[in-house]
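K.L.:
got a structure for you, letters missing:
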C-alpha cells in the first residue's frame, strides 16, 4: 500500500509567530532543520523565521507546489541560502510565482503578460484543481506569440487587423489526413514492453513520512514523565497515509490501465508494464533515462510535465519508440517526430471546431457574453475570427447578426435588453468561471418562458456543482469536448461493473476537458497495445485501431506535416435537450449538425 501526504493550503495571515525548530537531520549529505507546520503558518512567515527565501523552501519541498497545510513536515536548509545560489534546470526561462489569496490564472496572465494557455502548459496540475495559496506556479518569461495577419471585415462595424491569438502558441502549418491503406498486419508474438510515466512523487513522500513518524514516536518514548498517547500516533499515521490530491486523478488513470492489462491478457496479449515515478523533477528523470531497459521499450505513455515530455519525445524519436501523450498539449513536439502521438487536442483546434459548429446557426441572432477581462476578450476575438473565417467559406457572413455583451460582477443581469422573441437566441458564454457562469445562467433561466434560448459554453461546465441540471436542459445547454462518457454504451456499463468489482468504488473522477480518467486509462492502454501487437511499431503510419472502438472515442488523428506526429482532433458537441436527453452531435460541414455513426 502506498502512503501519500494530503496537502491543502491555508490563507496567509499577518502576525503569525513561527517557532523555529532546533531539530536537524542529514539527508544526502546536507543538513536540514525539520519544521512541523502549525495552524495559520504560511510559507512567508516560515521563511522569515529561518531567514531563508521562500523559493528555496519550495524547491526543497516539492509538495508545497500544491499549497501548505498544518501538520506538514518541511526540510529547511540549516545554512542560509540565497535564491541566487540555487541551481534549477531551465529556470532562466521562467518566473516562479507564489500564489497569494485571491490570485487566479487570469491575474497571473495579466501580471506577467503571458497567455493563460502558456501558464497551463507548464503547470498541467492546474487543470485538475484550483490554485491554492502558497502554491508555486512556473511562468515562462518569453511565451511564444503568434500573430495572424488578417483583414476580415464583416458588415461595417467589425474588423480584424493583425490579431494576437493567445490560444495558438505553436501553430502547425499543415495537417494531413491519415492514410490507413499503408497499414498491414505485422504481429508481435513476444511479451510487449510498455513504459508508463506518472508524477507520483513517492520518494519525496517516503522521506517526509518517515521523518514525521519517527520524530513523533521518539518524542513520546524519550519523555518518561509523559503519558504516551498512542491514539495520537495512530492518527498521525492515518494522516500521513492520506492520498495527495494532486495525484488522485493519475491514480484513477492507472487503475484503468491495470484493468486494460487484464483484458489484454484475456486476449492472449502479454504485456510487461514498467511504471516510473517522474517526481515532477527533470534531474530525477534524466537518471531514469539512464536505465538500460528504456531503449528496449515497445511503447511509452506519458509523462505529464512539458519539460520531461520533451525529453521522452526526443528519446522516442531517436530510438523509434512510439510515445503517447495522454494529458499534455505540446504541439511543438509533433514537428519532425513521427513517433509522437498527442491525445489532447490543442485548445486552438477545439475552438475552431466550436466555431464551425456555431456557424451552422448564422441565421439566428448570436449574443456573446463575457466579463470584459482583457484575456477573455482575446478568447472572444479568436472565436469570432474563427466564425467569420468559417462563414466566409459559405458566403453567409453578410447576414450574420452578432452582439457582444459585457457583463461584469457589478452588472444587473437584465437579459431582455438584448434577447429577441422573433428568433432563436444563440447565447455564447466562453467562460470557465463557475460563479460567473452560474449568475448568467440564473438570469437566463427566468427568461426561458418568454424567449427561445440555446446556450453554448465551455467543456468544464459539466463539472459545475452550483448549476442545477434542470437549467442545462431547459436552456438547451451545449458544450464542446473531445471525450465524452456515454453511460448508455454497453462497453461503458460493462467497464463500470468490472471497476466496482475490482476496486469496490465508482470510476467517477472526470477531468475538466470531459474524460473519465479511469475509462481514459483503459482506452489508451487497450487501444495502442492491441495496435502494437497486431501491426508492430509501424502502426505509427496510421494510429487508428480497426479492431477496437474506444469508449471515449472515436479518435480523429491528423498528421503534423509529412514527417510529423499525430494529434487527435476529434470534437463533438454535447446537447442537453428539453426532453431531458443528452445527445452527442458531430461537428461537420453540413448545414445542420448530425449524430456521429460511431457514437
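P.N.:
Arrived safely. These numbers were taken from a predicted model, which means no experiment stands behind them.
K.L.:
not counting sequence-adjacent ones, nearest residue to residue 582?
P.N.:
residue 576 (5.8 Å; CB to CB, 6 or more residues apart in numbering). C-beta coordinates here come from the backbone N, C-alpha and C atoms, glycine included.
K.L.:
quick one: the helices in the stretch 201-350 of the chain?
P.N.:
Along the stretch 201-350 of the chain, counting by DSSP state H, counting those that start in this stretch, helices occupy 202-222, 230-240, 248-266, 282-289, 306-319, 347-358.
K.L.:
what does the stretch 401-550 of the chain give?
P.N.:
Taking DSSP H, counting those that start in this stretch as the criterion, the stretch 401-550 of the chain carries its helices at 434-445, 469-474, 490-503, 517-535.
K.L.:
average pLDDT across the last one?
P.N.:
What that stands for is helix 517-535. Throughout helix 517-535, pLDDT has a mean value of 94.
K.L.:
quick one: average pLDDT of the next helix or strand after that helix?
P.N.:
Reading on from helix 517-535 to the C-terminus, the next helix or strand found by DSSP states H and E is strand 557-560. Strand 557-560 shows a mean pLDDT of 90.
K.L.:
what do you get for stretch 358-374?
P.N.:
Mean predicted lDDT for stretch 358-374 stands at 84.
K.L.:
use 756 as the first number from now on
P.N.:
In the new count, where the first residue is 756, that last one comes out as stretch 1113-1129.
K.L.:
so how far is it from its chain's centroid?
P.N.:
26 Å (CA atoms, centre = their mean, to the nearest Å).
K.L.:
can you check stretch 1253-1267 too?
P.N.:
Centroid displacement of stretch 1253-1267 relative to its chain, using CA atoms, centre = their mean, is 19 Å.
K.L.:
repeat for stretch 1327-1335
P.N.:
That offset, for stretch 1327-1335, works out to 24 Å (CA atoms, centre = their mean).
K.L.:
list the buried residues in that stretch.
P.N.:
For stretch 1327-1335, burial by neighbour count (16 or more other CB atoms under 10 Å) applies to 1327-1331.
K.L.:
and if you look at stretch 1056-1069?
P.N.:
In stretch 1056-1069, counting by 16+ other CB under 10 Å, buried: 1056-1068.
K.L.:
if we can go back for a sec, how about the helices of the stretch 1156-1305 of the chain, which one is nearest residue 833?
P.N.:
For these, the distance to residue 833 is smallest for helix 1272-1290, at 40.9 Å, taking CB to CB.
K.L.:
and the closest one, what other elements does it pack with?
P.N.:
Packed against helix 1272-1290 by the contact rule (3 or more CB pairs under 8 Å, 6 or more residues apart in numbering; DSSP states H and E) you find strand 947-953, helix 1003-1021, strand 1054-1056, helix 1245-1258.
K.L.:
what about the stretch 906-1055 of the chain, any weak spots by pLDDT?
P.N.:
Under the criterion pLDDT under 70, the flagged ranges of the stretch 906-1055 of the chain are 906-928, 934-938, 956-1001.
K.L.:
ok, back up a step: any chance of the buried residues of stretch 1056-1069 in JSON lines with pLDDT and distance to residue 1118 as columns?
P.N.:
Output for the buried residues of stretch 1056-1069, formatted as JSON lines (pLDDT from 0 to 100; distance: CB to CB, whole Å):
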{"residue": "1056", "pLDDT": "96", "distance to residue 1118": "45"}
{"residue": "1057", "pLDDT": "84", "distance to residue 1118": "46"}
{"residue": "1058", "pLDDT": "90", "distance to residue 1118": "47"}
{"residue": "1059", "pLDDT": "86", "distance to residue 1118": "44"}
{"residue": "1060", "pLDDT": "84", "distance to residue 1118": "46"}
{"residue": "1061", "pLDDT": "86", "distance to residue 1118": "42"}
{"residue": "1062", "pLDDT": "85", "distance to residue 1118": "48"}
{"residue": "1063", "pLDDT": "88", "distance to residue 1118": "49"}
{"residue": "1064", "pLDDT": "92", "distance to residue 1118": "44"}
{"residue": "1065", "pLDDT": "92", "distance to residue 1118": "46"}
{"residue": "1066", "pLDDT": "92", "distance to residue 1118": "51"}
{"residue": "1067", "pLDDT": "94", "distance to residue 1118": "49"}
{"residue": "1068", "pLDDT": "94", "distance to residue 1118": "45"}
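K.L.:
got those residues as JSON lines, with distance to residue 1201 columns?
P.N.:
Below are these laid out as JSON lines (distance: CB to CB, whole Å):
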{"residue": "1056", "distance to residue 1201": "48"}
{"residue": "1057", "distance to residue 1201": "47"}
{"residue": "1058", "distance to residue 1201": "48"}
{"residue": "1059", "distance to residue 1201": "43"}
{"residue": "1060", "distance to residue 1201": "45"}
{"residue": "1061", "distance to residue 1201": "44"}
{"residue": "1062", "distance to residue 1201": "49"}
{"residue": "1063", "distance to residue 1201": "49"}
{"residue": "1064", "distance to residue 1201": "47"}
{"residue": "1065", "distance to residue 1201": "50"}
{"residue": "1066", "distance to residue 1201": "54"}
{"residue": "1067", "distance to residue 1201": "52"}
{"residue": "1068", "distance to residue 1201": "51"}
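K.L.:
count the neighbours of residue 1228 for me.
P.N.:
17 (other CB atoms under 10 Å).
K.L.:
that one touches residue 1338, doesn't it?
P.N.:
No - if you go by CB atoms under 8 Å, residue 1228 and residue 1338 don't touch, sitting 11.2 Å apart.
K.L.:
which neighbours do the two share?
P.N.:
Shared contacts of residue 1228 and residue 1338 (CB atoms under 8 Å, 6 or more residues apart in numbering): residue 1332.
K.L.:
quick one: contacts for the residue found closest to residue 1277 once you drop the neighbours it is linked to in the chain?
P.N.:
Nearest residue to residue 1277, sequence neighbours excluded (CB to CB, 6+ apart): residue 1011, at 3.9 Å. Taking CB under 8 Å, 6+ apart, we find residue 1011 in contact with 1254, 1262, 1272-1278, 1280.
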